[in-house]
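> following is a predicted model, sequence given first.
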Amino acid sequence: MFTVKFVGGSKKSFPAESLKIDKSWISVQELFDLLLDLKPSDTPKLDTENVLIAINGSDSSAMDGTSTIIKHDDVVSIIPVIHGGSSKKITFEYAKKQIQAIEIKGEKSINVEFIDHLRKKYPKLLLQAVSSSFILSKNHLKKIVSLSFESKKNNVLLSNKFEIDLLMRFALSSQISQAINQAGIKPKSNFVLIAIGTKASLNSLYDELCPMTVPLFSKNNDSYLKRHFKITKKHIDSIQSKTPLEDILVEKAAILF
């Protein structure tokens, strides 16, 4: 037997905030199938494509994804990823924090000083710029952000700064200088600005930077990421998943120390 807890919007799909499941040694995917069968027909849809699954506080995507096995006495939390906005902005919530991501078109005049200026102007926001080449998709971004939040919660951040931890996990490097050199902001190169804070501050930031933004994830980075991180076709083919490259990147990011 194990416990399923519903967080945020997922609570609307079930009459109780938690369920006791009289099973064990089932996969996350099997749990999804079971929950969809158990969900009352007159409640809102449970969107299993846009949820994070935490098992005893750890993100399942950093383990074996939907193949992760749930064992006896585990506590499984169903956490919806709330997102919205235009193709130039995604916003979502994790650990009761508001997160926004926008992609900025690279210019010769935009460098690290640009981010430092924004940090001074918006002191209530946590800001990090990550080279667009190092982010595969919105789900990859969300999962790396969730890893950094869980690391902070468990006091195992790779750096004493949350935003540096984020960059290191996208760069798959335990060396701060290497992460900055590889995945940090560079003149003339597009980058994704990840901001964490209040809705009001996030909206103000977006309003200011909107003229500089481009559609998010418009470039396919699959080939670059495979080549840069030496991920072979054999490795990709060995992963039983609809998103094998994403799962490999998240797994590698999760085991950094």
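Yep, that arrived.
> contacts for the helix or strand hosting residue 102?
Assigned by DSSP states H and E, residue 102 falls within strand 97-104. For strand 97-104, the surrounding residues in contact (Cβ atoms under 8 Å, 6 or more residues apart in numbering) are 85, 88-93, 110, 129, 132, 138, 141, 145, 149, 190-199, 202, 205-206, 209-210, 212-218. Placement of C-beta: from N, CA and C, glycine included.
> who's residue 75 bridged to?
residue 3 (DSSP bridges).
> the strands in the stretch 1-150 of the chain, which residues?
Counting by DSSP state E, counting those that start in this stretch, the stretch 1-150 of the chain has strands at residues 2-6, 18-21, 26-27, 51-55, 58-59, 69-70, 75-80, 89-94, 97-104, 126-131.
> looking at those strands, which has the lowest confidence?
Lowest mean pLDDT within the strands of the stretch 1-150 of the chain: strand 58-59, at a mean of 78.
> returning to that earlier point: in a markdown table, list the strands of the stretch 1-150 of the chain along with distance to residue 177 and mean neighbour count.
As requested, these are arranged in a markdown table below (distance: least, Cβ to Cβ, whole Å; neighbours: other Cβ atoms under 10 Å):
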| stretch | distance to residue 177 | mean neighbour count |
| --- | --- | --- |
| strand 2-6 | 40 | 19 |
| strand 18-21 | 45 | 14 |
| strand 26-27 | 40 | 16 |
| strand 51-55 | 31 | 20 |
| strand 58-59 | 27 | 19 |
| strand 69-70 | 38 | 19 |
| strand 75-80 | 34 | 20 |
| strand 89-94 | 28 | 19 |
| strand 97-104 | 23 | 21 |
| strand 126-131 | 15 | 21 |
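> turn the ones you listed into TSV, columns for distance to residue 243.
Listed next are those as TSV, based on distance: least, Cβ to Cβ, whole Å:
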stretch	distance to residue 243
strand 2-6	23
strand 18-21	26
strand 26-27	16
strand 51-55	14
strand 58-59	14
strand 69-70	19
strand 75-80	18
strand 89-94	17
strand 97-104	18
strand 126-131	19
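> hang on, the earlier thing: out of the contacts of strand 97-104, which are inside helices?
Members of these lying in helices (criterion: DSSP state H): 138, 141, 145, 149, 199, 202, 205, 206, 209.
> correct me if wrong: the second one contacts residue 194.
To tie it back to what came earlier, the one meant is residue 141. Yes. Counting by Cβ atoms under 8 Å, residue 141 sits close enough to residue 194 to count as a contact (7.4 Å).
> relative to residue 130, how far out is the closest residue to residue 189 other than its chain neighbours?
Excluding the flanking residues, the one nearest residue 189 by Cβ to Cβ, 6 or more residues apart in numbering is residue 106, at 4.2 Å. Between residue 106 and residue 130 the computed distance is 13 Å (Cβ to Cβ, to the nearest Å).
> just checking, what packs against the helix or strand of the chain with the lowest mean pLDDT?
Using mean pLDDT, DSSP states H and E, strand 58-59 stands out as the lowest-scoring helix or strand of the chain, at a mean of 78. Strand 58-59 sits against helix 138-153, with contacts defined as 3 or more Cβ pairs under 8 Å, 6 or more residues apart in numbering; DSSP states H and E.
> show me where the stretch 151-257 of the chain has its strands.
Counting by DSSP E, counting those that start in this stretch, the strands of the stretch 151-257 of the chain are 191-197, 213-214.
> any chance of the ones in helices among the contacts of strand 97-104 in JSON lines, plus pLDDT?
Converted to JSON lines, those look like this (pLDDT from 0 to 100):
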{"residue": "138", "pLDDT": "91"}
{"residue": "141", "pLDDT": "95"}
{"residue": "145", "pLDDT": "95"}
{"residue": "149", "pLDDT": "94"}
{"residue": "199", "pLDDT": "89"}
{"residue": "202", "pLDDT": "93"}
{"residue": "205", "pLDDT": "94"}
{"residue": "206", "pLDDT": "93"}
{"residue": "209", "pLDDT": "93"}
